[in-house]
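Undergrad: Just to be clear, the model below is a prediction. Sequence and coordinates:
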Amino acid sequence: CLNGKNQIVYPLLLKYLLDTKMFITSGDFLYHYDERFGYWENIGFNRGKFIIRQYIPHEYQTAISSFKVKKIVEDLISFSTIFYKIKDNTNLLNVKNGVIDLEKKEILKHNPEYYFDYVNDFNYIKDAKISDAKVFCKYIKTSVGCSVNNSPELKQILEMLGYVISNIRCAEKAFFILGESNTGKSILLKLLEKVFHERDISCVGLHELGSTFRFASLGYSRINLLHELKPVAIKCVDEFKKVVSSEDIICEEKGKNPKRIKPKTVFVTATNAMPNFLGMELNSSIINRMQLIRFSGSISKDEINRNLLLELEAEKDIIFSVAVDELIELKTNNYNFTVPEHIISYMKAYSESLNSIDLFIRDCCAIESNRKIFSKDLYDCYLKFVNDNALNKHSIHDFGLQVRSIKGVINKKIRINEKSLQGYEGIGISDNLR
């Protein structure tokens with residue numbers, strides 16, 4: 001890279017860096033291969049300038065300006081090998097001590113040709129046993145409120161941990177960890193944070209999914225961790241379903257043109273209450289995308305272990321090795337997650353509560369040709385019903401759409417007791433509720 005005057009020649013330095021085969025680009029970002037952990041790191045400009053200087057001998061550091069180093073980063077993005085293999089391989093899982101082949105159930109050596117852009121921060125232990133993670137077992141028993149011997153609750157949690165650390169998203173699941181305060185549900189999310197690099201974590205609220213700017217981070221993260229679900233209505237139901245199903249989304253970064261991105265993230269949300277989805281299309285497609293984990297235990301303030309996260313982190317290799325083994329079994333079972341019986345019952349009730357209009361019509365209305373009622377009166381009865389039963393409330397517009405879709409119900413101007421207003425024929429309040 002030097003000329004006759006012992007000076008760095010820029011084109012030669014650029015060629016040298018390209019010839020190392022340690023840099024590749026996706027067209028937008030520059031990646032550098034981390035030989036220790038076997039992945040291509042998205043380095044950006046600041047990190048890129050630091051890494052490039054590692055290739056320049058110390059005595060020549062002052063011979064190349066920061067401007068030239070910045071230009072090298074730009075040119076490497078332009079001239080490095082363009083690749084499309086990153087994020088595609090779901091049968092391999094990158095961890096600190098190698099690459100796990102989920103099909104052959106063996107661990108391989110790191111190799112740049114696997115094109116990982118991540119590493120999970122734990123070492124895989126073959127044939128690890130969860131009983132050896134004594135702190136974790138006690139934590140599950142106390143927080144979840146279950147035994148740890150072959151319990152479906154423990155298996156469900158381990159399946160979730162294995163699934164979210166992989167690149168597999170075909171199960172189309174979002175995970176909700178439901179429990180009262182001080183049950184330790186946030187500890188599980190903090191443990192996941194110890195496995196993912198911070199650049200792979202987003203924290204977009206479910207109520208923010210309508211924002212194209214917030215969407216952008218979902219296009220690049222591997223996991224979306226929410227330690228708290230805000231008690232607000234979630235109107236972006238279609239956007240939620242698209243992200244969970246890894247369907248293309250349109251997102252926009254500030255100062256850049258909108259572009260289409262296929263999200264690879266997975267939602268893991270800790271909450272005190274189930275999400276308040278709103279919309280006319282609240283059906284099984286929402287419920288089928290939700291995997292509920294309940295923390296039903298109770299921990300008094302005196303029993304809280306302030307060092308629990310540190311102690312769990314010390315068992316991280318065991319916990320996530322067993323989780324990988326559960327993921328391998330989950331794959332063979334066509335991603336049919338374990339669901340405890342009490343969760344099935346809970347989700348059935350939650351599913352019914354999502355569409356409070358259906359419940360109201362079923363429990364409070366009579367569909368008969370001789371019935372009629374003013375639109376406002378029927379909606380007022382509906383509002384009282386949802387308030388009395390703590391159900392999701394729909395707008396008068398959505399309510400009207402669903403009522404008008406009922407066979408035999410006609411929306412028109414009607415007359416009742418000398419009063420003429422917009423209303424419905426063919427429906428009314430049941431006699432026993434009058």
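TA: The structure has been received and is ready for your questions.

Undergrad: Lys262 and Cys364: what is the separation?
TA: 44 Å (Cβ to Cβ, to the nearest Å). Every C-beta, even on glycine, is put in place using the N, C-alpha and C of the backbone.

Undergrad: Pick out whichever of those two has more residues nearby.
TA: Taking other Cβ atoms under 10 Å, Lys262 and Cys364 do not tie; Cys364 has more neighbours (17 against 12).

Undergrad: So which elements touch the longest helix that the chain contains?
TA: Longest helix in the chain, counting residues (DSSP state H): helix 316-332. The contact analysis (3 or more Cβ pairs under 8 Å, 6 or more residues apart in numbering; DSSP states H and E) places helix 316-332 against helix 152-164.

Undergrad: Strands of the stretch 201-350 of the chain, start to end?
TA: Along the stretch 201-350 of the chain, the stretches classed as strands by DSSP state E, counting those that start in this stretch are 201-202, 223-226, 233-234, 249-251, 259-261, 267-271, 276-277, 290-295.

Undergrad: Pipe those strands into a markdown table and attach mean pLDDT and mean neighbour count per row.
TA: Below are the strands of the stretch 201-350 of the chain laid out as a markdown table (pLDDT from 0 to 100; neighbours: other Cβ atoms under 10 Å):
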| stretch | mean pLDDT | mean neighbour count |
| --- | --- | --- |
| strand 201-202 | 94 | 19 |
| strand 223-226 | 96 | 21 |
| strand 233-234 | 79 | 18 |
| strand 249-251 | 78 | 17 |
| strand 259-261 | 79 | 12 |
| strand 267-271 | 96 | 22 |
| strand 276-277 | 80 | 20 |
| strand 290-295 | 95 | 22 |
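
Undergrad: Quick check: which of those strands is nearest to Leu30?
TA: Proximity to Leu30, assessed across those by Cβ to Cβ, is greatest for strand 259-261 (18.3 Å).

Undergrad: Can you work out which other helices and strands pack against the closest one?
TA: Using 3+ Cβ pairs under 8 Å, 6+ apart, the elements in contact with strand 259-261 are helix 212-220, strand 249-251.

Undergrad: Tabulate the ones you listed (a markdown table), appending distance to Gly426.
TA: Formatted as a markdown table, the helices and strands packed on strand 259-261 follow (distance: least, Cβ to Cβ, whole Å):
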| stretch | distance to Gly426 |
| --- | --- |
| helix 212-220 | 42 |
| strand 249-251 | 41 |
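
Undergrad: Now Lys376. Nearest residue, chain neighbours left out?
TA: Excluding the flanking residues, the one nearest Lys376 by Cβ to Cβ, 6 or more residues apart in numbering is Leu421, at 7.3 Å.

Undergrad: residue contacts, the one you found?
TA: Phe374, Ser375, Lys376, Lys413, Ile414 (Cβ atoms under 8 Å, 6 or more residues apart in numbering).

Undergrad: Pick the one among those residues closest to Asn97.
TA: Asn97 lies nearest to Ser375 out of those, by Cβ to Cβ, at 66.1 Å.
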